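# Return a 3D structure for these sequence lines:
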Amino acid sequence: MNNSKSFVLSVTVLYALALAVITYLHEPWRDELHAWAIVLASNSFEQLIENTRYEGHPMLWFTLLYAVSKITVSYIGMQVLNWVISVATAYVLLRYAPFTRLQRFLLVFGYFFFYEYGVISRNYQIGILLFFLFFVVYFGRSPNKIYYLAGLAFLLAQSNLFAVALTCSISLLALKLWVEKGISLRQFAVYCTVTFIGIALSVSQMHRAQGEGLRTNGFQFDVFRSCLMTFLKAVFPVPVLSDFSNWNSVLKLGLTQYILLALLIVFVLVRFSDSKWALAILGSYFLLSFAVYYFIYYGFARHHGHFYILLIGCIWITELFKPEKRPVSIFLLTTILTIQALVCVYFSVKDCSAAFSQIEACSNYVKETFTKDDVFYVGYNDYTTEGISLLSGKRIYFPSSNSYNPYVIWGVSRRYDFFDDITCYNMCLAEAKRTGKRKILFIINQEPTKNTEARLGKRIRTFEPSIVGDENFYLYLKE
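So this is what the prediction gives:
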């Protein structure tokens, strides 16, 4: 491995510039804007805590966004924050990861490190940075590194649910230090205490969200199989190329997917056969995340990708303890990294040439077209159109929750029968009459039925297609 300063600096700069360009051309989707809307609606940190009570996420990302919101109200501030975190992550990997130059280059320009967690501004990249900083400190020579590791583990647990699982798994490294007399029992106790507090705090914050109970009860083979395939999807996130709205889609390979899964299992067992600690770390995360997928939440690529992140981390461990010399194993890792990089190129190019979401385009149209205060705005459904309220500055009525909330409050009872029940439509008319507005602009995110369309008035604009399949918008004006 060659960690020359010129290589690390040049690739980091290339990564930073490429990420800046793609991020600039990327249209934010609802989940990105949702977090930003929450922090803008929070006048104090106490209110921020209250506003995030139903989010199902810990506070680290919201806290960082809250600080940024004191500098700018533009969502670009959020993107800049995620860009900084992503560039820092790339630098750490390029500088410290014990891989070849080619492998490190492919790694940072892979799908998850560059696009899913880099271009899309969510609460995941901050966890990835903390995760790999943990490895840097662990393999460092500081006599007080166990205390730094405790701090990193605490923060990592504040990132998201799957970062909590990562925290639990890599804490086995702290156990390894104690078992091998690298730290004292008192130091190990300090680490465990700090990490436990971090995990407990995170779980308590996520527990505030009102869930829908267990996803499934008992054993169901189809659910078991689909959960098992999430780990294959994390390593090979190849989309369905025939679909335009194919983000979060995964190519169905029939029997081939089982062959690939078997090969992945063999690769893991062979690769970590000489490193029982790495295998234990990977196995513990597998069990924790599988339980989440099976019983609580199946998730999407952004959630599944944490297995791939941990796989890279475990290979990092084995490379430093016992460098891999087998050509087949090296070739397989390079192949995986290459596939990840190709998927990243595909989505990056597509994001530059097509709309990731139509929220921003629709918002700009509404803002520029309806300049007078004589229109009553209706948004359906609420979680896709809340971003239009944020970016256009318009006060939108959401019949789903019978409210004007600037962001969706998941714990509030909501209805999604706008196209099926005329009662929901009549609610909109009654609310418009109450406000004294004679024009009603319906902003909806799906093609209405013929019966519904007849009630909505004249279609004045259509915004489609988008890579996010349900963020196309259809505007109807009723006078």
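
# Find the centremost residue of the protein, please.
R302 (4.5 Å; Cα atoms, centre = their mean).

# Just to check, that residue is in contact with V119?
No. Using Cβ atoms under 8 Å, R302 is not in contact with V119; the gap is 11.7 Å. In short, each C-beta sits where N, CA and C put it, glycine included.

# Please give the element, helix or strand, for the residue nearest to the centre of the chain.
Taking DSSP states H and E as the definition, one finds R302 inside helix 301-321.

# Point out where this protein drops to low pLDDT.
1-3, 208-215, 324 (pLDDT under 70).

# Kindly report the domain assignment for it.
The domain map for the chain lists 5-353, 359-478, with the assignment taken from automatic domain parsing.

# quick one on the thing from earlier: just how off-centre is the helix holding R302 within its chain?
Mean C-alpha position of helix 301-321 versus that of the full chain (Cα atoms, centre = their mean, to the nearest Å) differs by 17 Å.

# quick one, whichever helix or strand comes after it and helix 301-321 angle?
Later in the chain than helix 301-321, the nearest helix or strand by DSSP H and E is helix 327-353. Interaxial angle of helix 327-353 relative to helix 301-321 (axes from the mean of the first three to the mean of the last three Cα atoms, to 10 degrees): 150 degrees.

# Go through helix 327-353 and flag the buried ones.
332-333, 336-337, 339-341, 343-344, 346-348, 350-351 (16 or more other Cβ atoms under 10 Å).

# do stretch 86-105 as well
The neighbour-count criterion (16+ other Cβ under 10 Å) identifies 86-99, 103-105 as the buried residues of stretch 86-105.

# Now, the residues you listed that are in helices?
Of the buried residues of stretch 86-105, the ones assigned to helices by DSSP state H are 86-96, 103-105.

# out of those, who's nearest R455?
Sorting these by how near they are to R455, with Cβ to Cβ, puts S86 at the top with 46.0 Å.

# can you pull the contacts of the nearest residue to the closest one once chain neighbours are set aside?
In space, S86 comes closest to G118 once its chain neighbours are excluded; the distance is 4.0 Å by Cβ to Cβ, 6 or more residues apart in numbering. Under the criterion of Cβ atoms under 8 Å, 6 or more residues apart in numbering, the contact list for G118 reads 19, 23, 82-83, 86, 125.

# quick revisit: can you give me the separation between the residue nearest to the centre of the chain and T230?
12 Å (Cβ to Cβ, to the nearest Å).

# Tell me how far Q47 lies from I396.
With the distance defined as Cβ to Cβ, Q47 ends up 21 Å from I396.

# Please say which of those two ends up with more neighbours.
Between Q47 and I396, counted using other Cβ atoms under 10 Å, the more crowded position is I396 (23 against 14).

# got the CA coordinates for stretch 150-170 in CSV?
Output of stretch 150-170 as CSV, limited to C-alpha atoms (Å, rounded to 0.1, in the frame of the first residue of the first chain):
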residue,chain,number,x,y,z
ALA,A,150,-15.6,5.6,23.6
GLY,A,151,-16.4,9.2,22.4
LEU,A,152,-16.6,8.0,18.7
ALA,A,153,-18.9,5.1,19.7
PHE,A,154,-21.1,7.4,21.6
LEU,A,155,-21.5,9.8,18.6
LEU,A,156,-21.8,6.9,16.1
ALA,A,157,-24.8,5.6,18.0
GLN,A,158,-26.5,9.1,17.6
SER,A,159,-26.5,8.8,13.8
ASN,A,160,-29.2,6.4,12.9
LEU,A,161,-30.7,3.0,13.8
PHE,A,162,-28.2,1.0,11.7
ALA,A,163,-25.3,3.0,13.1
VAL,A,164,-26.4,1.8,16.5
ALA,A,165,-26.0,-1.8,15.2
LEU,A,166,-22.6,-0.9,13.9
THR,A,167,-21.7,0.5,17.3
CYS,A,168,-22.6,-2.7,19.0
SER,A,169,-20.6,-4.8,16.5
ILE,A,170,-17.4,-2.8,16.5
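
# Contacts made by it with the rest, please.
Judged by Cβ under 8 Å, 6+ apart, the contacts made with stretch 150-170 from elsewhere in the structure are 56-61, 123-124, 126-127, 130-131, 133-134, 137, 171, 174, 190-191, 194-195, 197-199, 201-203, 206, 281-282, 284-285, 288-289, 292, 303, 306, 309-310, 313.

# Look up phi and psi at Y377.
Listed backbone geometry of Y377 is phi -100, psi 130, with angles given as degrees, to the nearest 10.

# Report whether the expected contact of it with L441 is present.
Yes. Look at Y377 against L441 with Cβ under 8 Å: they come within range, at 5.2 Å.

# tell me the contacts of L185?
Counting by Cβ under 8 Å, 6+ apart, L185 touches W178.

# Run a quick neighbour tally on A16.
Taking other Cβ under 10 Å as the criterion, the count of residues near A16 is 17.

# Dump the one helix or strand it maps to to CSV, restricted to CA.
Using DSSP H and E, A16 sits within helix 5-25. Coordinates of each C-alpha in helix 5-25 appear next as CSV, following Å, rounded to 0.1, in the frame of the first residue of the first chain:
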residue,chain,number,x,y,z
LYS,A,5,0.6,12.6,0.0
SER,A,6,0.2,13.4,-3.7
PHE,A,7,-2.1,10.4,-4.3
VAL,A,8,-4.2,11.1,-1.2
LEU,A,9,-4.5,14.8,-2.0
SER,A,10,-5.1,14.5,-5.7
VAL,A,11,-7.9,11.9,-5.3
THR,A,12,-9.5,13.8,-2.4
VAL,A,13,-9.6,17.0,-4.5
LEU,A,14,-11.0,15.0,-7.5
TYR,A,15,-13.6,13.5,-5.2
ALA,A,16,-14.5,16.9,-3.7
LEU,A,17,-14.9,18.6,-7.1
ALA,A,18,-16.9,15.7,-8.6
LEU,A,19,-19.2,15.5,-5.5
ALA,A,20,-19.7,19.3,-5.6
VAL,A,21,-20.8,19.2,-9.2
ILE,A,22,-23.2,16.3,-8.9
THR,A,23,-24.6,17.7,-5.6
TYR,A,24,-25.2,21.1,-7.3
LEU,A,25,-27.2,19.4,-10.1
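
# Which residues does that helix contact?
Contact with helix 5-25 is made by 79, 82-83, 86-87, 90-91, 94-95, 101, 104-105, 108-109, 114-115, 118-119, 121, 348, 351-352, as judged by Cβ under 8 Å, 6+ apart.

# The same query, at a cut-off of 6 Å, please.
Contacts with helix 5-25, where a contact means Cβ atoms under 6 Å, 6 or more residues apart in numbering, come from 79, 83, 86-87, 90-91, 94-95, 105, 108, 118-119, 348, 352.

# again, but for stretch 399-411
Outside stretch 399-411, the residues within contact range by Cβ under 6 Å, 6+ apart are 34, 37-38, 41, 54, 210, 381-383, 386, 395, 397, 412, 414-415, 424, 427-428.

# Report the buried residues of the helix holding R302.
Applying 16+ other Cβ under 10 Å to helix 301-321 flags 301-319 as buried.

# who are the neighbours of it, in terms of helices and strands?
Secondary structure elements in contact with helix 301-321, counted by 3 or more Cβ pairs under 6 Å, 6 or more residues apart in numbering; DSSP states H and E, are helix 221-235, helix 276-291.

# mind listing the strands for the stretch 351-479 of the chain?
Counting by DSSP state E, counting those that start in this stretch, residue ranges of the strands within the stretch 351-479 of the chain are 375-380, 396-397, 439-444, 458-463, 473-478.
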